[in-house]
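S.K.: Quick one: sequence plus predicted model below, questions after.
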Amino acid sequence: MISAYHPEDFMATVKNAFGITDITREFGSVKYMKEAQALIIRDLVKEYDLSNFLEIGFFHGKSSIYMGAILREIGKGHLLTIDLEGARKKSPNIIDLIDATGFADLITPVFAHRSYTWELAKLIRDGKRELFDFCYLDGGHTFDVTALGVMLVSALMKPGGILVSKILRELESFGTNYCLRLDLRRSEKFPNILGV
Ligand SMILES: C[S@@+](CC[C@H](N)C(=O)[O-])C[C@H]1O[C@@H](n2cnc3c(N)ncnc32)[C@H](O)[C@@H]1O
(Lines give C-alpha, C1' and ligand atoms only; values in the text may rest on other atoms or scores of the structure.)
Protein backbone atom coordinates (compact mmCIF):
# COMPACT_ATOMS: atom_id res chain seq x y z
CA MET A 1 0.00 0.00 0.00
CA ILE A 2 1.31 3.44 -0.90
CA SER A 3 0.86 5.86 1.96
CA ALA A 4 -0.15 9.43 1.21
CA TYR A 5 2.54 12.12 1.18
CA HIS A 6 1.76 14.99 3.52
CA PRO A 7 4.16 17.94 2.99
CA GLU A 8 3.11 19.43 6.35
CA ASP A 9 4.27 16.25 8.13
CA PHE A 10 7.58 16.42 6.29
CA MET A 11 8.08 20.07 7.28
CA ALA A 12 7.21 19.27 10.91
CA THR A 13 9.85 16.52 10.90
CA VAL A 14 12.47 18.87 9.43
CA LYS A 15 11.67 21.53 12.03
CA ASN A 16 11.78 19.04 14.89
CA ALA A 17 15.26 18.03 13.80
CA PHE A 18 16.59 21.59 14.26
CA GLY A 19 19.77 21.28 16.35
CA ILE A 20 22.43 23.69 17.61
CA THR A 21 24.52 23.47 14.43
CA ASP A 22 21.43 23.99 12.25
CA ILE A 23 20.68 27.20 14.16
CA THR A 24 24.25 28.40 13.65
CA ARG A 25 24.00 27.63 9.94
CA GLU A 26 20.58 29.21 9.38
CA PHE A 27 20.78 32.15 11.80
CA GLY A 28 24.52 32.65 12.29
CA SER A 29 24.32 36.35 11.47
CA VAL A 30 21.53 37.03 14.00
CA LYS A 31 22.66 38.61 17.29
CA TYR A 32 23.56 37.60 20.01
CA MET A 33 24.30 34.15 21.36
CA LYS A 34 27.10 32.21 19.67
CA GLU A 35 27.32 28.47 19.25
CA ALA A 36 30.22 28.22 21.72
CA GLN A 37 28.02 29.73 24.41
CA ALA A 38 25.11 27.43 23.55
CA LEU A 39 27.43 24.45 23.89
CA ILE A 40 28.49 25.60 27.36
CA ILE A 41 24.82 25.78 28.36
CA ARG A 42 24.20 22.34 26.85
CA ASP A 43 27.07 20.88 28.92
CA LEU A 44 25.69 22.49 32.05
CA VAL A 45 22.15 21.28 31.37
CA LYS A 46 23.33 17.71 30.88
CA GLU A 47 25.74 17.70 33.80
CA TYR A 48 23.13 19.00 36.26
CA ASP A 49 20.03 17.43 34.66
CA LEU A 50 18.31 20.79 34.12
CA SER A 51 15.08 21.17 32.11
CA ASN A 52 12.90 24.01 33.39
CA PHE A 53 14.46 27.11 31.90
CA LEU A 54 13.88 30.81 32.47
CA GLU A 55 15.52 33.39 30.23
CA ILE A 56 15.62 37.14 30.86
CA GLY A 57 16.28 39.09 27.66
CA PHE A 58 15.72 37.31 24.35
CA PHE A 59 16.30 40.19 21.85
CA HIS A 60 15.78 38.39 18.46
CA GLY A 61 15.33 35.05 20.25
CA LYS A 62 18.63 33.52 19.12
CA SER A 63 19.61 32.29 22.59
CA SER A 64 16.03 31.10 23.09
CA ILE A 65 16.08 28.83 20.04
CA TYR A 66 19.51 27.50 21.04
CA MET A 67 17.92 26.56 24.37
CA GLY A 68 14.96 25.11 22.46
CA ALA A 69 17.39 22.91 20.55
CA ILE A 70 18.92 21.76 23.85
CA LEU A 71 15.46 20.92 25.24
CA ARG A 72 14.59 19.02 22.07
CA GLU A 73 17.87 17.11 22.37
CA ILE A 74 17.28 16.09 25.99
CA GLY A 75 13.64 15.29 25.22
CA LYS A 76 12.00 17.16 28.11
CA GLY A 77 11.46 20.56 29.65
CA HIS A 78 10.35 24.07 28.72
CA LEU A 79 11.68 27.62 28.37
CA LEU A 80 9.84 30.71 29.61
CA THR A 81 11.58 33.76 28.17
CA ILE A 82 10.91 37.45 28.84
CA ASP A 83 11.82 40.67 27.02
CA LEU A 84 10.21 44.06 26.48
CA GLU A 85 7.30 44.83 24.09
CA GLY A 86 9.79 46.50 21.74
CA ALA A 87 11.35 43.11 20.95
CA ARG A 88 8.29 42.36 18.77
CA LYS A 89 9.61 44.86 16.22
CA LYS A 90 12.92 43.05 15.72
CA SER A 91 13.50 41.45 12.35
CA PRO A 92 13.55 38.55 12.72
CA ASN A 93 11.69 38.50 16.03
CA ILE A 94 11.39 35.60 18.43
CA ILE A 95 8.05 34.52 16.95
CA ASP A 96 9.70 34.18 13.52
CA LEU A 97 12.56 32.11 14.98
CA ILE A 98 10.24 29.86 16.99
CA ASP A 99 8.16 29.30 13.88
CA ALA A 100 11.21 28.56 11.73
CA THR A 101 12.57 26.01 14.19
CA GLY A 102 9.27 24.41 15.20
CA PHE A 103 9.91 25.00 18.90
CA ALA A 104 6.49 26.47 19.77
CA ASP A 105 5.81 23.56 22.12
CA LEU A 106 9.09 24.24 23.99
CA ILE A 107 9.33 28.03 24.23
CA THR A 108 6.88 30.54 25.71
CA PRO A 109 7.87 34.15 24.98
CA VAL A 110 6.51 36.94 27.19
CA PHE A 111 6.57 40.57 26.02
CA ALA A 112 6.66 42.70 29.18
CA HIS A 113 5.17 46.20 29.11
CA ARG A 114 7.37 47.55 31.90
CA SER A 115 10.13 45.08 32.85
CA TYR A 116 10.79 41.41 33.47
CA THR A 117 10.80 42.22 37.16
CA TRP A 118 7.04 42.88 36.99
CA GLU A 119 6.42 39.60 35.18
CA LEU A 120 8.38 37.65 37.81
CA ALA A 121 6.64 39.57 40.63
CA LYS A 122 3.25 38.57 39.15
CA LEU A 123 4.25 34.90 39.25
CA ILE A 124 5.31 35.23 42.89
CA ARG A 125 2.10 37.12 43.75
CA ASP A 126 0.11 34.26 42.20
CA GLY A 127 1.79 31.80 44.56
CA LYS A 128 4.19 30.25 42.06
CA ARG A 129 7.43 28.83 43.50
CA GLU A 130 10.17 26.43 42.42
CA LEU A 131 9.32 26.73 38.72
CA PHE A 132 12.83 26.80 37.27
CA ASP A 133 16.07 24.90 37.67
CA PHE A 134 18.01 27.02 35.18
CA CYS A 135 18.00 30.75 34.52
CA TYR A 136 19.92 32.62 31.82
CA LEU A 137 19.87 36.25 32.94
CA ASP A 138 20.82 38.42 29.95
CA GLY A 139 18.69 41.56 30.13
CA GLY A 140 18.36 44.75 32.15
CA HIS A 141 22.01 45.70 32.41
CA THR A 142 21.78 48.07 35.34
CA PHE A 143 22.61 47.49 38.97
CA ASP A 144 19.18 48.33 40.36
CA VAL A 145 17.23 46.15 37.90
CA THR A 146 19.67 43.25 38.26
CA ALA A 147 19.75 43.41 42.07
CA LEU A 148 15.95 43.16 42.26
CA GLY A 149 15.89 40.69 39.37
CA VAL A 150 18.19 38.22 41.10
CA MET A 151 16.03 38.34 44.24
CA LEU A 152 12.88 37.63 42.20
CA VAL A 153 14.55 34.86 40.18
CA SER A 154 15.80 33.27 43.40
CA ALA A 155 12.23 33.10 44.74
CA LEU A 156 11.16 31.16 41.64
CA MET A 157 14.10 28.76 41.41
CA LYS A 158 14.07 25.17 42.58
CA PRO A 159 16.57 24.40 45.36
CA GLY A 160 19.96 23.91 43.74
CA GLY A 161 18.86 25.66 40.55
CA ILE A 162 21.54 27.36 38.51
CA LEU A 163 21.66 30.97 37.45
CA VAL A 164 23.95 31.93 34.58
CA SER A 165 24.61 35.51 33.65
CA LYS A 166 27.01 37.77 31.87
CA ILE A 167 25.91 40.70 33.96
CA LEU A 168 26.36 39.43 37.47
CA ARG A 169 29.64 41.24 37.65
CA GLU A 170 27.47 44.29 38.25
CA LEU A 171 26.47 42.69 41.51
CA GLU A 172 29.95 42.02 42.81
CA SER A 173 29.87 45.22 44.84
CA PHE A 174 26.52 44.00 46.22
CA GLY A 175 28.34 41.09 47.83
CA THR A 176 26.14 38.35 46.44
CA ASN A 177 27.62 34.90 46.64
CA TYR A 178 24.65 32.63 46.14
CA CYS A 179 24.64 32.34 42.41
CA LEU A 180 26.80 31.10 39.62
CA ARG A 181 29.02 33.69 38.03
CA LEU A 182 29.75 32.70 34.50
CA ASP A 183 30.98 35.15 31.91
CA LEU A 184 30.05 33.45 28.66
CA ARG A 185 31.97 35.98 26.61
CA ARG A 186 35.16 34.90 28.29
CA SER A 187 34.02 31.28 28.31
CA GLU A 188 35.06 30.69 31.87
CA LYS A 189 33.78 27.24 32.49
CA PHE A 190 31.61 26.91 35.58
CA PRO A 191 34.08 28.61 37.93
CA ASN A 192 31.83 29.12 40.91
CA ILE A 193 28.78 26.91 41.18
CA LEU A 194 27.13 27.49 44.49
CA GLY A 195 23.50 26.96 43.51
CA VAL A 196 20.63 29.28 44.41
C1 LIG B 1 21.81 41.28 25.15
S2 LIG B 1 20.13 41.28 24.71
C3 LIG B 1 19.68 39.56 24.91
C4 LIG B 1 20.36 38.67 23.93
C5 LIG B 1 19.85 37.25 23.88
N6 LIG B 1 19.84 36.63 25.19
C7 LIG B 1 20.76 36.41 22.99
O8 LIG B 1 21.84 36.00 23.45
O9 LIG B 1 20.42 36.18 21.82
C10 LIG B 1 19.38 42.02 26.13
C11 LIG B 1 17.85 42.09 26.04
O12 LIG B 1 17.36 42.45 27.34
C13 LIG B 1 16.18 43.18 27.16
N14 LIG B 1 15.89 43.93 28.39
C15 LIG B 1 16.56 44.98 28.91
N16 LIG B 1 15.98 45.41 30.05
C17 LIG B 1 14.90 44.61 30.26
C18 LIG B 1 13.89 44.55 31.25
N19 LIG B 1 13.89 45.40 32.29
N20 LIG B 1 12.93 43.59 31.15
C21 LIG B 1 12.93 42.73 30.10
N22 LIG B 1 13.88 42.73 29.12
C23 LIG B 1 14.84 43.66 29.20
C24 LIG B 1 16.48 44.07 25.96
O25 LIG B 1 15.26 44.50 25.37
C26 LIG B 1 17.33 43.16 25.07
O27 LIG B 1 16.53 42.56 24.07
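M.R.: Cool, got the structure.

S.K.: Could you give the separation of stretch 136-149 from the chain centroid?
M.R.: 15 Å (Cα atoms, centre = their mean, to the nearest Å).

S.K.: Then stretch 76-91?
M.R.: Distance, stretch centre to chain centre, for stretch 76-91: 9 Å (Cα atoms, centre = their mean).

S.K.: hmm, that stretch touching the ligand?
M.R.: Yes. Against the ligand, stretch 76-91 shows contacts by Cβ under 6 Å from any ligand atom at 82-84, 87. Bear in mind the C-beta positions are built from the backbone N, C-alpha and C, glycine included.

S.K.: What about these, which one has the most neighbours?
M.R.: Most neighbours among these, by other Cβ atoms under 10 Å: D83, with 27 neighbours.

S.K.: Surely that one touches S63?
M.R.: No. The pair D83 / S63 is not scored as a contact, 10.7 Å apart, by Cβ atoms under 8 Å.

S.K.: Which neighbours do the two have in common?
M.R.: With Cβ atoms under 8 Å, 6 or more residues apart in numbering applied, the contact sets of D83 and S63 do not overlap.

S.K.: Just grab the bridge partners of the spatially most central residue of the chain for me.
M.R.: By Cα atoms, centre = their mean, the mean C-alpha position of the chain lies nearest to E55, the distance being 3.6 Å. As for beta bridges, E55 partners with T81, Y136 under DSSP bridges.

S.K.: Pretty sure L80 is one of the things it touches, is it not?
M.R.: Yes. At 7.4 Å, E55 counts as touching L80 under the criterion of Cβ under 8 Å.
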